[in-house]
Structure formats: structure tokens, C-alpha cells
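> No sequence on hand, only this structure:
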């Protein structure tokens, strides 16, 4: 089994979006994915990109990905916000998630992001176990999440 | 009292950073603000901006601001992430915060951001009361926050 991690390109978008839908199924909210392929592509590869990603391929097949955007902290400056990290079900248990996570840490070092931030659903124990394997990871329960639907 | 809301410009950065420090005092973490003015300016007005803000002026004096970045949701596309909204202590009670918040909602409509997202510290009751005044605001306690210090 050859696992290859590389930066995502525009041509990967249809496959990435398919994996996003798979993650939404897992998170019990498939009806919540209403982004179009065009919006997805424009966000990553339009004139002002707002996301960057890495893909994991196993023997040439897309097996997973990690996608981030830049969070701006007025206290610390630019940080990585990890929006999604996912390994497709049939490829799990091969260390692919860790390889993606390590590639993200490398990206932080290259770009000078002091922190990597992310969220996890409180019932998602496999993900929580995965994240807590990494040295230095810390959880903060002081912040409440709010949203407002505008359009 | 004349309250004017306008888009922040590069020249506002020193004043904004001073207000950021004031907010950090209020949040009991003044030592956590270690961004430099140069990093702050570059983030908003460098070749690839990652934040945008509105200022509130009272009779020509900087009284508050709201600062956001673009969150990319793989389910919904580009969203507004409200990082900071702040009215300086001596200017509170004049509706300045609401004017800033309404300007942010207008920005969402103009830019096509479907959602506005933010977080609030669980002990910050005045802020929680402020946010919950707005129709349609919803809180979600299912997500845990994680971070990892890299550099």
C-alpha cells in the first residue's frame, strides 16, 4: 500500500466534495451539504482563495483529505483553522489520518501559523481519541458557539 | 452625539490594536496579545488580506470596532466569522454595538455569506445578552474546541 500526501488541486474538487458528503452522513446531517461544486472550486481556486487542502491517495485512489482556512486572531495573528479532516471508511486503520495531520503541522511551520485550531462534535469519540494522541493538543470548553442565518 | 460606522482603513490599525488590548484586559488575558502592529496591518491590508473590519466613531473618536475573517464551510461555502466586536467602556450604552452588528449583517448580505458565526466566553453575560437580542441567533453546544501550539 502506497500512501501519498500532496496539496489538493482544482481537479480534485469533485472527489473532495464526495468525501465531504460522506463525512456529513457520518455526522448525521447529509441534508446540510448545500454547497455547489462551483462554489467549492471558486473558494479554493478562484482569484482570492479562502481554503487550502491536502489529499491522501492510496495506490492512486483518493482516500482522504484535510482542508483548512486562515483564521485571524487579533491576539496572535494568522492561524490555521482545520475545517475538515477525513479518511474514507474503507481506508481507515492505515495511519492515513496521522499522515494528513502531520502534513498540516508542517504547513503551519512553513507558513508561520502559531496555532492550529479545530472543533470536534462531543459524541465523536474516535475523532477525539485521534486528536488527543498528538502531543500538546489542548481542549477549551469556555467558549460558546453562536450563529445567525443571514441569507 | 454623532455615531459613524465605516469600513476600517490601514490608518486605523494602531487604534484598533489599542482596543484589542482593552478587550484582552476585560477577558482577563492581557499577556496573550502578542501580535505586532506590522502583523496586524499586514493581515488586513497586505497583498492577501485575511481580515476586514468596521469602526465606530463618536464625534470623530474611535469608540469601537467589529472585525471578521472568512470562514470556509465545506457544507455551506463562505461565511462570516466575527472575531471581535467591541465598544470601548466609556462609550457603552449608546447603541454603538448594535449599529456595528447591523453593519456586519449588511456585509453578509452584500457578500453573500449565508451565516455569521462567532464565539463568546461562557461567563461573559453582558455579551451573551447582547447577542441574544438579535432575531434568529442560535447557540450550539455540541462542538468542542481544540488547539495545538505549533511555533
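All right, it came through fine. Just so we're clear, the structure is a prediction, and the values are computed from it rather than from any experiment.

> got the angle for the lengthiest strand in chain A vs strand B:61-73?
The longest strand of chain A (DSSP state E) is strand A:61-73. Orientation check (axes from the mean of the first three to the mean of the last three C-alpha atoms, to 10 degrees): strand A:61-73 against strand B:61-73 gives 170 degrees.

> Strands of chain A, start to end?
Using DSSP E, the strands found in chain A span residues A:3-7, A:52-58, A:61-73, A:77-87, A:115-121, A:137-140, A:143-149.

> Could you check the fifth one against chain B for contacts?
This points to strand A:115-121. Yes: contact of strand A:115-121 with chain B (C-beta under 8 Å from any C-beta of the partner chain) involves A:115-121. In short, each C-beta sits where N, CA and C put it, glycine included.

> okay, the angle between that strand and strand A:77-87?
Calculated by the same axes, to 10 degrees, strand A:115-121 forms an angle of 40 degrees with strand A:77-87.

> Give me the residues contacting strand A:115-121.
For strand A:115-121, contacts defined as C-beta atoms under 8 Å, 6 or more residues apart in numbering or on different chains pick out A:27, A:71, A:73, A:76, A:79-83, A:85, A:104-105, A:108, A:127-128, A:131, A:145, B:142-150.

> Narrow the residues you listed to those that are buried.
Buried subset of the contacts of strand A:115-121 (neighbour count, 16 or more other C-beta atoms under 10 Å in any protein chain shown): A:71, A:73, A:76, A:79-83, A:85, A:104-105, A:108, A:127, A:131, A:145, B:143-148, B:150.

> Count the neighbours of the residue lying closest to residue A:30 once chain neighbours are set aside for me.
Counting by C-beta to C-beta, 6 or more residues apart in numbering or on different chains, residue A:30 lies nearest to residue A:24, which is 4.8 Å off, once chain neighbours are set aside. For residue A:24, the neighbour count with other C-beta atoms under 10 Å in any protein chain shown is 17.

> Contacts only, for residue A:24.
With C-beta under 8 Å, 6+ apart, residue A:24 has these contacts: A:30, A:32-33, B:75.

> for the strands of chain A, which one sits closest to residue A:93?
strand A:77-87 (8.8 Å; C-beta to C-beta).

> now for the closest one, which elements pack on it?
Secondary-structure packing of strand A:77-87 (3 or more C-beta pairs under 8 Å, 6 or more residues apart in numbering or on different chains; DSSP states H and E): helix A:13-26, strand A:61-73, helix A:96-111, strand A:115-121, helix B:37-45, strand B:61-73.

> Need these in TSV (columns: distance to residue B:96 and mean pLDDT).
Output for the helices and strands packed on strand A:77-87, formatted as TSV (distance: least, C-beta to C-beta, whole Å; pLDDT from 0 to 100):
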stretch	distance to residue B:96	mean pLDDT
helix A:13-26	39	94
strand A:61-73	23	97
helix A:96-111	36	97
strand A:115-121	29	94
helix B:37-45	21	97
strand B:61-73	5	97
